[in-house]
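A.B. asks: Here's my sequence, what's the structure:
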Amino acid sequence: MTIVKLFINNVEKKLHSVELTKEGERAIDQIRLTVPKAVEVNVNQELTYLQDMVDITKLIAVYNMQGNAEDESGYSHNGTTSNITYGSDTWGGKSSIFNGTNANISIPDNTRFNFSASFDIYIWAKWTSTTTGMNLLSKRLEGDVFQDNVYQPNVFTASGDNGISIQVNAATAGDVRTQIGGTLITSSSAGFNDGEWHLIRVTRDLNNLVTLYVDTISKGTSTVTGNFTTSEDLTIGSDFYGSYFNGEISRVRLYSATLTSNMANSIHTNRNPRSVIKFGGKITKIDSALTDREIIGQSFGKILAETEINGQVFTNRTPEYIVENIVESKTNLIYNSSSAASGITLAQYTADGKLIDVIKDLASLTNRIFYTTGSKLLVFDDVSFNDLDLVLEHGGNIAVHDDGYDDTEIVNDLTVLGQNLRYNTTQLFSGNNSNTVFTLDNNPVTVRVTVGGTEKIPETDYDFDTMARTIIFATAPATGSSNVSVEYIFERPLYIRGTKESSITTYGVHAKKLNLPWISTRQDGVRFVQSYLNRYKDISRKIKLTTGRMYNSLQENDIVQVKNTIKSLDGDFVIKSIKWTYPKITTEIEVGEYYFDFFEYDKEIVAKIHDLESAVTRVKDVREYESPEESISLADAIIMKLENFKLTESLSMTTTSNIYDKLYNTYSQGSISITFQPSIFQSNVFTIVGRTSSATSATYGSRVSGACYVSG
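C.D. replies: Have a look, this model is predicted:
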């Protein structure tokens, strides 16, 4: 059984072994594999790696509907969508929504769509509509036929090479029917239009026995001979003449052979993968051994890190437009997003630097993640967790290796230096005709010195020592009361210090200082300190798991439950990295504790902040600026029960089914205007510690580092 495939420059190649690790949505993934010595490979050739939970030897096409109609079989039978929108399925992925009127997916005919012998077709679908004769899939010729003893012109012929189709609500609302040539097989039971996901399977074996299954249960059989290959397009969600489907389809799989019952059951029970193309990129290194070649490849995301943007200016454009424009004009990647518009318009934005950094800035502004796929899509979608309702328990084909803790990022005493504030003051000294050195209280930026009302010339009459804050006269000022006047401007940074006492009591003091000149008000600084300490006040828990199977359905940011009775471990964790190996057939998973404000992109934002930590304010001990009223002790985060919406970095509240506890805070100095689309604000009700309130919007400033600043 073959569950992996390798394509180099779109040509299938023999494969010996694979080691693929994915680390975070924004990482540039790397793959290591070995191929036979006879396989000719060169640096910069494109490679595509497929991995599935069932045999893919006879795979024709697979459509996982993850915001697009791309074929993940490696043969690029990509479809064209018409009026498709996207929802979510029960596997933490997406689904295509068909409106029942004019929505479908059309795939051009190809010689690989061969239904002349045995075949196997799988469709995950759900619907509630009772409209008669809605097509899930069709590939057949136009003609005439009797349907249910009623003459129907221009439907399909009853003889010849007239193809196949799969319908629902054919004879009774909620039934399922397949039409193979002139033969109809209709499910003996109905009621499948219950709004639940059902796996519909149509297969013909080597003995020409056609079987219709719903959820692995046979619903009818018939022996049908003949060649049902046609030259018509393959359509999903309709027939060539209409009969549009009103519902959702999440996966479509086509095979040119019949899968075993175990494989069919695996598709039904083992969580259909959200991706079969696990890796796509370019070969970056080749090492030749005696019997094989070792290849290292990097994903197409490397293009983002290699592409330089030189001061491209956008005026009155949305972040989504900017990302799409730059990606498609500067690379060979195709922009793809199934998320609603953020509702933000940037009056002016200058894109400058590495493309990956530009996209990171705009992704943080709009609360998006981005990643590249094996078919050269740049996906720019909403940040989200996927709760798989999956239990990974030690001993049940899962080994929990480590139950460790990481205190490298904990911070519970944070000092933030914001924008430097300027002050003007005058200090008076009394000369005694002998003292030449006078010390100032502050470190000045500019000085004006007078003695007895006469202005003195710097570097002629006096020198200024910036380190010691001293005025050194060449000639001692004459004796007089307050006859030496030093008028000067000095700077002090906006200072905010916060402590998380509960964390300090448990773990001791873990202090940190950040220089953030873009924080211009104390209110912004307090919000930042509160958010930062909430995020990093606790030691994070990390666990490594290994299983002897290919968990293809798992992706980064999935939430899984990990249990180990030996270690008294039972909780929800977020998948941070996944490593697949072949032919060992193992999956190694590293998970991190799922807690309030745990997002991978938080680290990206913090990375940007750390870039500023080397900024110098003044040569001065920062604690000298501290005063009791400027030190704040922050309480632990209040967990909020959210109904039907989440708070987002995109400066708005939008309706969503994601109800994970999450609080966003963004900060900035503002000079660029934002235009919000009024339609994105919706009134929602939420509960905070037993109180009910109504909210229509919540905005903070959001900073786009580098060339653009946005304020709320």
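A.B. asks: Surely Asp361 forms part of a helix?
C.D. replies: Yes - under DSSP: H, G, I helix; E, B strand; the rest coil, Asp361 falls within a helix.
A.B. asks: What is the neighbour count of it?
C.D. replies: Neighbour count of Asp361, defined by other Cβ atoms under 10 Å: 23. Just so you know, the C-beta spots here come from the backbone N, C-alpha and C atoms, and that holds for glycine as well.
A.B. asks: now Asp570
C.D. replies: Using other Cβ under 10 Å, Asp570 has 12 neighbouring residues.
A.B. asks: What about the residue found closest to it once you drop the neighbours it is linked to in the chain, how many residues nearby?
C.D. replies: The shortest distance from Asp570 to any non-neighbouring residue, by Cβ to Cβ, 6 or more residues apart in numbering, is to Lys563 (4.9 Å). For Lys563, the count of nearby residues is 17 (other Cβ under 10 Å).
A.B. asks: now do Gln561
C.D. replies: 16.
A.B. asks: now swap in Ala474 and tell me
C.D. replies: Using other Cβ under 10 Å, Ala474 has 12 other residues around it.
A.B. asks: same thing with Ser553?
C.D. replies: Ser553 has 18 neighbours, counted by other Cβ under 10 Å.
A.B. asks: Next: Asn99.
C.D. replies: Number of residues near Asn99 (other Cβ under 10 Å) recorded here: 15.
A.B. asks: Next up, the contacts around it.
C.D. replies: 83, 85, 244, 246 (Cβ atoms under 8 Å, 6 or more residues apart in numbering).
A.B. asks: where does the closest residue to Thr80 other than its chain neighbours land on pLDDT?
C.D. replies: Leaving aside its chain neighbours, Thr80 sits nearest to Ser106 (5.1 Å; criterion: Cβ to Cβ, 6+ apart). Ser106 carries a pLDDT value of 97.
A.B. asks: Hmm, Ser106 is touching Thr235, no?
C.D. replies: Yes - using Cβ atoms under 8 Å, Ser106 is in contact with Thr235, at 5.5 Å.
A.B. asks: Compare these two (neighbour count), which wins?
C.D. replies: Neighbour comparison, Ser106 and Thr235: the larger count goes to Thr235, with 24 against 16 (by other Cβ under 10 Å).
A.B. asks: Name whatever forms a beta bridge with that one.
C.D. replies: Counting by DSSP bridges, Thr235 is bridged to Ser106, Ser138.
A.B. asks: How about the contacts made by it?
C.D. replies: Applying Cβ under 8 Å, 6+ apart, we find Thr235 in contact with 104-107, 135, 137-139.
A.B. asks: Just give me the longest helix of this protein.
C.D. replies: Ordering each helix of the chain by length in residues (DSSP state H) puts helix 522-536 first.
A.B. asks: got the CA positions of that helix in PDB?
C.D. replies: Extracted in PDB, the C-alpha atoms of helix 522-536 (Å, rounded to 0.1, in the frame of the first residue of the first chain):
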ATOM      1  CA  ARG A 522       0.400  56.400  29.800                       C
ATOM      2  CA  GLN A 523      -3.000  54.800  29.000                       C
ATOM      3  CA  ASP A 524      -1.500  52.900  26.000                       C
ATOM      4  CA  GLY A 525       1.500  51.900  28.100                       C
ATOM      5  CA  VAL A 526      -0.600  50.500  30.900                       C
ATOM      6  CA  ARG A 527      -2.700  48.500  28.400                       C
ATOM      7  CA  PHE A 528       0.500  47.100  26.900                       C
ATOM      8  CA  VAL A 529       1.900  46.200  30.300                       C
ATOM      9  CA  GLN A 530      -1.300  44.500  31.300                       C
ATOM     10  CA  SER A 531      -1.500  42.500  28.100                       C
ATOM     11  CA  TYR A 532       2.200  41.500  28.200                       C
ATOM     12  CA  LEU A 533       2.100  40.300  31.800                       C
ATOM     13  CA  ASN A 534      -1.100  38.400  31.300                       C
ATOM     14  CA  ARG A 535       0.500  36.600  28.400                       C
ATOM     15  CA  TYR A 536       3.800  35.700  30.000                       C
END
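A.B. asks: Now do it: which elements does it pack against?
C.D. replies: On a contact count with 3 or more Cβ pairs under 8 Å, 6 or more residues apart in numbering; DSSP states H and E, helix 522-536 meets strand 413-429, strand 484-499.
A.B. asks: Specify the angle between it and strand 413-429 in degrees.
C.D. replies: Relative orientation of helix 522-536 and strand 413-429, computed by axes from the mean of the first three to the mean of the last three Cα atoms, to 10 degrees: 150 degrees.
A.B. asks: any idea of the mean pLDDT in helix 522-536?
C.D. replies: Helix 522-536 comes out at a mean pLDDT of 81.
A.B. asks: Kindly report the same for stretch 206-214.
C.D. replies: The model assigns stretch 206-214 a mean pLDDT of 97.
A.B. asks: Repeat that for stretch 271-278.
C.D. replies: Mean predicted lDDT for stretch 271-278 stands at 86.
A.B. asks: First residue to last residue on that stretch, what's the distance there?
C.D. replies: Taking Cα to Cα, to the nearest Å, stretch 271-278 runs 16 Å from one end to the other.
A.B. asks: all helices in the chain, in order from the N-terminus.
C.D. replies: Assigned by DSSP H, the helices in the chain fall at 261-269, 302-306, 319-330, 355-366, 501-507, 522-536, 600-610.
A.B. asks: Measure how the fourth one sits relative to helix 319-330, angle-wise.
C.D. replies: The one in question is helix 355-366. Using the same axes, to 10 degrees: helix 355-366 against helix 319-330 is 170 degrees.
A.B. asks: which other helices and strands contact helix 355-366?
C.D. replies: helix 302-306, strand 308-317, helix 319-330, strand 368-372, helix 600-610, strand 702-704.
A.B. asks: which parts of the third one are buried?
C.D. replies: This means helix 319-330. 319-320, 322-324, 326-327, 330 (16 or more other Cβ atoms under 10 Å).
A.B. asks: Then the first one?
C.D. replies: Under the neighbour-count criterion of 16+ other Cβ under 10 Å, helix 302-306 has 302-304 buried.
A.B. asks: who does that helix touch, helix- and strand-wise?
C.D. replies: Counting contacts by 3+ Cβ pairs under 8 Å, 6+ apart, helix 302-306 packs against strand 277-288, helix 355-366.
A.B. asks: could the ones you listed go into CSV alongside distance to Gln427?
C.D. replies: Conversion of these to CSV gives the following (distance: least, Cβ to Cβ, whole Å):
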stretch, distance to Gln427
strand 277-288, 63
helix 355-366, 44
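A.B. asks: Deepest in the core, which of those is it.
C.D. replies: Looking across those with neighbours counted as mean count of other Cβ atoms under 10 Å, the highest average goes to helix 355-366: a mean of 23.
A.B. asks: Packed most tightly, which of the helices and strands packed on helix 522-536 would that be?
C.D. replies: When the helices and strands packed on helix 522-536 are scored by mean count of other Cβ under 10 Å, the highest mean neighbour count falls to strand 484-499 (a mean of 20).
A.B. asks: Listing partners with orientation, what would you give for that strand?
C.D. replies: Sheet pairing of strand 484-499 (DSSP bridges) gives strand 413-429 (antiparallel), strand 444-451 (antiparallel), strand 631-633 (parallel).
A.B. asks: could you dump the second one to PDB, C-alpha only?
C.D. replies: Taking C-alpha atoms only, strand 444-451 is exported to PDB below (Å, rounded to 0.1, in the frame of the first residue of the first chain):
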ATOM      1  CA  PRO A 444      20.100  68.200  29.200                       C
ATOM      2  CA  VAL A 445      19.500  68.100  25.500                       C
ATOM      3  CA  THR A 446      20.200  71.800  25.000                       C
ATOM      4  CA  VAL A 447      21.700  74.400  27.400                       C
ATOM      5  CA  ARG A 448      21.900  78.200  27.700                       C
ATOM      6  CA  VAL A 449      24.300  79.500  30.400                       C
ATOM      7  CA  THR A 450      24.500  83.000  31.700                       C
ATOM      8  CA  VAL A 451      26.600  84.500  34.500                       C
END
